[in-house]
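# starting from these lines, generate the structure:
(2 chains)
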Amino acid sequence: MTNSQTPLLSLKDIVTKVNTGTANEVNILNGLNLDVYDGDFITVLGSNGAGKSTLFNTISGELPVDSGTIHLRDRDITHMTVEKRTAFLARVFQDPKMGTAPRMTVAENLLLASQRGQRRTLRLRRLKSQLPHFKELTDTMDGNGLSQRLNTATENLSGGQRQALSFLMATEQRPDLLLLDEHTAALDPKTSDQLMTQTNQRVTQEHLTCLMITHHLDDALKYGNRLIVLDQGQVKFDVRDDKKSQLTKEQLLGFFDIIE
Amino acid sequence: MSMIVSSIGQGLLWATLGVALFLTFRILDFPDMTVEGTFPLGAATAVMAISHGMGPITASLLAFAAGAVTGLITGLLYTKGKVPILLAGILVMTACLSINLRVMGGSSNVSLLGKKTIFSAHFLTTLPKYFDSVFVGLVVISIITILLIVFLQTNLGQAFIVTGDNREMARSIGINTDNMTIMGLMVSNGIVGLGGALIAQNNGYADVSMGIGIIVIALASIIIGEVVFGELTLNQRLVAVILGSILYQLVRLLVLQLGFNTNDMNLLSALILAICLMLPQLNKTLNRVFPQLGKSLQHLKDVLQKGVARYDK
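The predicted structure is shown next:
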């Protein structure tokens, strides 16, 4: 059983507040506990305001926690900065505009992301010599023509191409932990499906440990080996492996009715 | 003819400011007002150092350092103190007014008469009139531009560019955007300080009020370069700024020949820049009223709306 090993990421009694010290103080995360194990592909569900995005912002360090601890294996990373955490953590955002630098080319973006979490030095970037590698990399996201647009500024790409690029940038340098924040939500159904399939392929092939927020119950059931539901800042439901694969949409909907 | 040579020389010397502001205004997307204080600070530092017997080149480098310090302060106010961008620059600029008077020993104008400056090197005195500033300007701006072009092609330079392009994304791949901003402000203000040192030596004096209006002059060279040369890569755009700066000085010469006096220059510079910046909006109106004229302005609009290099459409 996986539970006997040390978790990759362990969140203990996390409380994250907004408007601290004012009359509007709210606990977005309210004593949340979550252990993420190596190779987990977790789909994260929850209604609006349940704390899904806050959970991601807490893991990535964007939001400081008010109490509780975060451990990466045995290391306490509760107060580590956003920049330092990128050495082991990569994110794909919902908004296609957020994940790429608009006025830089696809290849330049890939080059920048290949050094995620590393010190930037005065060495020449040597973009040309890496173009064949980037061509190969973008070829893995077939069907959207990204590999023909390596020298295009990303502002001239379609939303689908940008998200595919963001996903490649997050995974080209293997992260210990990958956070996908509704990364297909802004895309049309066909492009969204395509990116989900490619995401699933890459995550399973490379045994990436991944948390994926989604509002699609079908996607949440179809992908991943574990499913959690957040409500009022806590993990209210957590199934994995066989139990997850036996879960039906009706059961899940029923569960949502109960918590609301 | 000699007036034209003089303008080219001035254009090359002032190009230091255009290139410096390109780093902050265009690449970092940071409207840095500090430079209006940094420019006279660089001038004051160099002039005082020279009159105390320091060599003109060392004095100019000292002016660079002084400029970098003001950039550092603005950067710290903005990144660590969370002071709004414009205000951070204005605060440091204002503080510089007092500092500059201190540096110049309380007088608002210090002359370099009889002192040895960069321009009194033996080789330069053998050149025809005004060619000395062309030579010095060309050497200095070439060194700065080449260093910047190489820097922007390094991993650190790329991290600097992406900080201005998409701060969120830069952070998400582990780039310390605060440090990048501070670095950019230090280099930019350092170059402005150096520019102040050169122009003071060329003029033969430093004056506390010499910083007034220089943002507009520097921006004008950036925008003239963009309007005239259109779609360019990042490196080409740095060169376009230099040519823009020369063009600006030539326009200035023309305006003076038309009978305006130097006191009108700030008004005219502001007018030229305002028109350039309003082109996109004017274009929209024109498109509605005179479709044909509007079309010809489309090119200008495209150019003005871009930031760093645009590669293809």
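
# so how many other residues sit close to the residue of the stretch 1-150 of chain A at minimum distance from chain B?
Residue of the stretch 1-150 of chain A nearest chain B, by CB to the nearest CB: A:Thr86 (3.4 Å). C-beta coordinates here come from the backbone N, C-alpha and C atoms, glycine included. A:Thr86 is flanked by 23 other residues according to other CB atoms under 10 Å in any protein chain shown.

# quick one: pLDDT of it?
Note on A:Thr86: pLDDT of 94.

# kindly report the same for the one 10 residues further on.
Confidence per residue is given as pLDDT, and for A:Pro96 that number is 89.

# cool, and A:His216?
pLDDT at A:His216 comes out at 88.

# how much space separates it from chain B?
24 Å (CB to the nearest CB, to the nearest Å).

# what is the burial count for that residue?
Neighbours around A:His216, by other CB under 10 Å: 16.

# now B:Val192
The local packing of B:Val192 (other CB under 10 Å) involves 35 other residues.

# which strand or helix spans it?
Element membership of B:Val192 [criterion: DSSP states H and E] is helix B:177-203.

# for that helix, packing partners?
Under the contact definition 3 or more CB pairs under 8 Å, 6 or more residues apart in numbering or on different chains; DSSP states H and E, helix B:177-203 sits against helix B:2-21, helix B:35-51, helix B:56-79, helix B:131-152, helix B:155-165, helix B:167-172.

# dump those into TSV; add mean pLDDT and mean neighbour count as well.
Formatted as TSV, those follow (pLDDT from 0 to 100; neighbours: other CB atoms under 10 Å in any protein chain shown):
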stretch	mean pLDDT	mean neighbour count
helix B:2-21	95	23
helix B:35-51	97	29
helix B:56-79	97	22
helix B:131-152	96	18
helix B:155-165	96	23
helix B:167-172	94	22
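
# which among those helices is found nearest to A:Lys52?
helix B:167-172 (17.6 Å; CB to CB).

# and A:Ile28, its phi and psi?
phi -80, psi -50 (degrees, to the nearest 10).

# what sits against it?
The contact partners of A:Ile28, by CB atoms under 8 Å, 6 or more residues apart in numbering or on different chains, come to A:Thr16, A:Lys17, A:Val18, A:Gly51, A:Thr54, A:Gly233.

# same check, this time on B:Ala88
B:Ala88 touches B:Thr34, B:Thr74, B:Leu77, B:Tyr78, B:Gly81, counting by CB under 8 Å, 6+ apart.

# Three-state assignment for the closest residue to chain A within chain B, please.
In chain B, the residue that lies nearest chain A is B:Gly174 (3.4 Å; CB to the nearest CB). Classification of B:Gly174 by DSSP: H, G, I helix; E, B strand; the rest coil places it in coil.

# cool, A:His71 as well?
Assignment for A:His71 (three-state DSSP): strand.

# which strand residues bridge it?
A:Ser10, A:Asp76 (DSSP bridges).

# surely it and A:Ile77 touch.
Yes - here A:His71 reaches A:Ile77: they are 6.7 Å apart, a contact under CB atoms under 8 Å.

# for the helix or strand hosting B:Ile223, what is the distance to the chain centroid?
Assigned by DSSP H and E, B:Ile223 falls within helix B:214-229. From the chain centre to the centre of helix B:214-229 is a distance of 9 Å (CA atoms, centre = their mean, to the nearest Å).

# mean confidence score for it?
For helix B:214-229, the per-residue pLDDT averages 89.

# got a list of what A:Ile59 touches?
So, once contact is read as CB under 8 Å, 6+ apart, A:Ile59 ends up touching A:Leu9, A:Leu11, A:Ile70, A:Leu89, A:Leu177, A:Leu179, A:Leu211.

# got CSV for these, with distance to B:Met104 and pLDDT too?
Output for those, formatted as CSV (distance: CB to CB, whole Å; pLDDT from 0 to 100):
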residue, distance to B:Met104, pLDDT
A:Leu9, 59, 95
A:Leu11, 59, 95
A:Ile70, 55, 96
A:Leu89, 52, 95
A:Leu177, 57, 96
A:Leu179, 56, 96
A:Leu211, 61, 96
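
# which parts of the stretch 1-150 of chain B sit against chain A?
Residues of the stretch 1-150 of chain B found near chain A (CB under 8 Å from any CB of the partner chain) are B:Val150.

# my bad, should have said the stretch 151-300 of chain B
So far as CB under 8 Å from any CB goes, the stretch 151-300 of chain B lies against chain A at B:151, B:153-159, B:161-162, B:165-166, B:168-176.

# A:Gly143: which of the contacts of B:Ala88 is nearest?
Of these, the one sitting nearest to A:Gly143 (CB to CB) turns out to be B:Tyr78, at 43.6 Å.
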